[in-house]
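> Build the 3D model from these lines:
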Amino acid sequence: MARLPLSTLPLPTLTLGLALACTLAACTPAAPPLENPPLQDRVLNLGTQRGTQATQPFSGTWTMTGKPDWLQVSPTSGQGNVTVQVSADRGTGTPLKADAAVLTGLIEIAWTAGTGKTPGGAEAQSSEAQSGTATWTVRADQYVLKGRLREEASAQGQDLRVGTGPSTRQSEGEQARGIIVKYRDPGGAASGEGRSTVTQLAGETLRASALSVGSSRPLSADTAALWVGDVQAALRTLRADPRVEYAVPNAILRAQTSAQPLSAQQLPLAQPLEPTDQYAALQWPFRLLGYPAVWRDMEGGAYSRPVTVAVVDSGVRYDHPDLAGMLWKPGEGALDLLTDPKNGDGDGADTDPTDAGNSARTTGSHGTHVTGIIAARWGQNAPSCAGCSPTGVVGAVRRANVKVLPLRVIDAAGNAETADVALAVRYAAGLPVTLAGRALTNPRRAAVINLSLGGPISADTARPLCEAVQAARDAGSLVIAAAGNGYGTAPYYPAACPAAVAVGSVTLSGGSAPKHAVYSNAYPAVQLSAPGGTDPLQAPSTFNGGIFNGKPFQDLVLSTSWDYAKNQPTYEAEAGTSQAAPQVSALAALLLSKGVTGDAASTLARLNATATDLGAAGRDPLFGFGMINAAAALGAPNISDTLGLRLQDSRGLVFQPAVDALGRFTAYLGSGTFNVIGGRDRNGNGIYGETNEPRAERSVTLGPDRVQVDVGDLLPK
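Coordinates of the predicted model:
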């Protein structure tokens, strides 16, 4: 995808005299009016129907020259009468706030009216063609979705509840710890010299009835509490004594806070950990995935298990200061698998996977960019060049015991051979390979292998790739691959290999949930999604809120790169499934490093189970199981507790209707099935009701047969 270098960071009445003159001169009569008038402007009102047929008499040719994307018109040109089918895809035209009760669009039709005819039917000899443009205004009523988002009620001690259960009353003796007895005449019955105390008198009475009495204590001169074995029998015995004013159970009372478990709002929240590196504020994908909570979690030191992530790519710039100490080096397992000197770095396969280049190279380092997403270091960098950022960006793994193993298979032109990729995958997984006549085994077996590469080759052509991926999986490695930037539904390999984890791309929507990136291929093998950024050419957006050089920063993924013209480190903003895949690889490595999971199977299961479901319910070709959720997957502490709403349709479109002070909302939408989710955001990413967060969800279908739905109250639990 496109790169944005941050270093430079678009019928009149005839008079009698004229009539006579024409008659005397036998002049040619004037051309009569056209048989049909020009194509007229008109209004089409679809109401709540999906479409309608529109017909208008016309003599001539016509062509539709403009329409909004949410309207479909067929046919788009013709000759003679205009008869077209007009239908509306309301969802495409619905604004983010879903606040337009009626959609209005204009269809522009260019027309040309041909030769006219005389009243007698003979062709006129000199009639000029007429042309123009007609505007048809189309109006479509939206469908209505209503509801109310509510907070969960909490008791504040207004009533005194005794015991447990739904009732505030107890049967006598229920869960009591003994009895309390009061005598009518303590002066005569239970006091005075030589007489029994209240506790002694009550004890003697109970023992005389063969009831056991434990400890006892006076509460006043006439009242005592006794612990007894049979509360009900003790009460009957004492109540039968005429000296006793009352005998009651020593009932259990409880503190009167909420009957529900404590919410996060009642619990102390952890402070999010935000990096201070110069460009970290522009790295919105980490906030979207809940990393400020994860990075705070790392303060406890639990991410100590060593994990290697192999980045099979264009190699890396070891001299980039923001990657110092985060990479396995030549001699430690790193490898350049390019055997063709013309397309490699000139010296064939070796142990140095440096992404080589010269001043004529206009692209940055793809492998360095991917690596930085995973492992760019935090804090101060070593001095590298005049004007270079002293701190740069950050990577996901921070202080976790994770390192990247660079394996070079993409040449300077951006191409990779299937054979090289297959060999690299086997090597990364610790399987023995032969390269340039040498037998090699990776000393740093990679638990995670990242493949930000691929192509729309056939399944048959991809067999060597898929066999290598399967072998790596069998050896215990999790293989993560980019789903492809083909703007369509064609499977890309190796992502579509059965043993690979295909990763699609999402980007910010402006609402409280991300949306599918238009370039990201959608097909059944897609298993997960991650932030890959917007398309800077076809769908540019700046929802992230960052500012760079005084201008809004596009929703692109910022990471480490290399300026070959200046031969110095730089940072680039890019977009693609190449950027989404390393987000998944980094999270997989952190799961293993923390010990949340112990192998490839459990790691993948955890990624799937904690993903934020987007689009259609369950797994779908656009998002797979959903967007990865780092905070939920790693069990990070809560850093926020806000209540909100998100609304998504089955195609992944996101809408954000306004919620008033009472929690009520009204959304004007198109046809389709919608997930309406009210919930709390506890990882600070602005997405309500994710895994491990309170949520209430309704699924509703709107359309011509169901134009209005009220989902009622949403009470997140």
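> CA atoms for contacts and neighbours, from now on please.
Will do.
> Distance-wise, check residue 464 relative to residue 241.
95 Å (C-alpha to C-alpha, to the nearest Å).
> Please say which of these two ends up with more neighbours.
Applying other C-alpha atoms under 10 Å to residue 464 and residue 241 shows that residue 464 carries more neighbours, namely 17 against 14.
> and the more buried one, what element?
In this assignment (DSSP states H and E), residue 464 forms part of helix 463-474.
> Does residue 581 belong to a helix, a strand or coil?
Look at residue 581: counting by DSSP: H, G, I helix; E, B strand; the rest coil, its state is helix.
> So the chain: which segments form each domain?
31-141, 155-259, 280-634, 642-714 (automatic domain parsing).
> Tabulate those (a markdown table), appending distance to residue 147 and mean pLDDT.
Formatted as a markdown table, the domains of the chain follow (distance: least, C-alpha to C-alpha, whole Å; pLDDT from 0 to 100):
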| stretch | distance to residue 147 | mean pLDDT |
| --- | --- | --- |
| domain 31-141 | 14 | 85 |
| domain 155-259 | 25 | 72 |
| domain 280-634 | 17 | 96 |
| domain 642-714 | 5 | 95 |
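> Among those, show me which one is buried the most.
domain 280-634 (a mean of 22; mean count of other C-alpha atoms under 10 Å).
> Work out the gap between it and the centre of the chain.
18 Å (C-alpha atoms, centre = their mean, to the nearest Å).
> and it, how far apart are its ends?
Note: domain 280-634 ends 22 Å apart using C-alpha to C-alpha.
> just the helices in the chain please.
16-24, 90-93, 186-189, 198-208, 231-239, 284-288, 291-297, 366-375, 418-428, 463-474, 577-594, 600-610, 630-634 (DSSP state H).
> would TSV of the ones you listed with distance to residue 357 be doable?
Below are the helices of the chain laid out as TSV (distance: least, C-alpha to C-alpha, whole Å):
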stretch	distance to residue 357
helix 16-24	86
helix 90-93	44
helix 186-189	104
helix 198-208	97
helix 231-239	90
helix 284-288	29
helix 291-297	34
helix 366-375	12
helix 418-428	20
helix 463-474	27
helix 577-594	21
helix 600-610	36
helix 630-634	35
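> Quick check: which of these is nearest to residue 268?
helix 291-297 (13.7 Å; C-alpha to C-alpha).
> Send me that closest one as PDB with only the CA atoms.
What follows is helix 291-297, C-alpha atoms only, in PDB (Å, rounded to 0.1, in the frame of the first residue of the first chain):
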ATOM      1  CA  TYR A 291      -2.300  -2.100  24.800                       C
ATOM      2  CA  PRO A 292      -2.200   0.700  27.400                       C
ATOM      3  CA  ALA A 293      -3.700  -1.800  29.800                       C
ATOM      4  CA  VAL A 294      -1.400  -4.600  28.600                       C
ATOM      5  CA  TRP A 295       1.700  -2.500  29.000                       C
ATOM      6  CA  ARG A 296       0.600  -1.700  32.600                       C
ATOM      7  CA  ASP A 297       0.200  -5.400  33.100                       C
END
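> what's next to that helix, contact-wise?
270-274, 286, 396, 398, 630-631, 634, 636-639, 683-684 (C-alpha atoms under 8 Å, 6 or more residues apart in numbering).
> cutoff 10 Å now
Here helix 291-297 makes contact (C-alpha atoms under 10 Å, 6 or more residues apart in numbering) with 270-275, 285-287, 303, 396-400, 587, 590, 629-640, 682-685.
> Same check on stretch 226-235?
172-181, 199, 202-203, 205-207, 209-218, 239, 246-250.
> circling back: and the domains of the chain as TSV, adding distance to residue 149?
Converted to TSV, those look like this (distance: least, C-alpha to C-alpha, whole Å):
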stretch	distance to residue 149
domain 31-141	16
domain 155-259	19
domain 280-634	15
domain 642-714	5
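> Any idea which of those domains gets closest to residue 148?
Of the domains of the chain, nearest to residue 148 by C-alpha to C-alpha is domain 642-714, at 4.2 Å.
> ends of the closest one, how far apart?
Domain 642-714 end-to-end distance (C-alpha to C-alpha) = 15 Å.
> cool, and stretch 412-425?
First-to-last residue span, stretch 412-425, C-alpha to C-alpha: 20 Å.
> Identify the bridge partners of residue 502.
Residues in a beta bridge with residue 502, per DSSP bridges, are residue 481, residue 526.
> and it, what is it in contact with?
Taking C-alpha under 10 Å, 6+ apart, one finds 451, 479-484, 491-496, 523-529, 577, 581, 584, 624 in contact with residue 502.
> And residue 627, by the same measure?
Contacts of residue 627 by C-alpha under 10 Å, 6+ apart are 288-289, 503-506, 513-516, 527-531, 580, 584, 607-608, 610-614.
> rerun at 7 Å
The contact partners of residue 627, by C-alpha atoms under 7 Å, 6 or more residues apart in numbering, come to 528, 529, 530, 611, 612, 613.
> Please determine how far it is located from residue 504.
Residue 627 sits 9 Å away from residue 504, going by C-alpha to C-alpha.
> what do you get for residue 458?
To residue 504, residue 458 is 19 Å away according to C-alpha to C-alpha.
> ditto for residue 287
18 Å.
> and what of residue 340?
32 Å.
> Now do the strands in the stretch 1-150 of the chain.
4-5, 42-47, 51-56, 60-66, 71-74, 77-79, 82-88, 102-113, 130-141, 143-149 (DSSP state E, counting those that start in this stretch).
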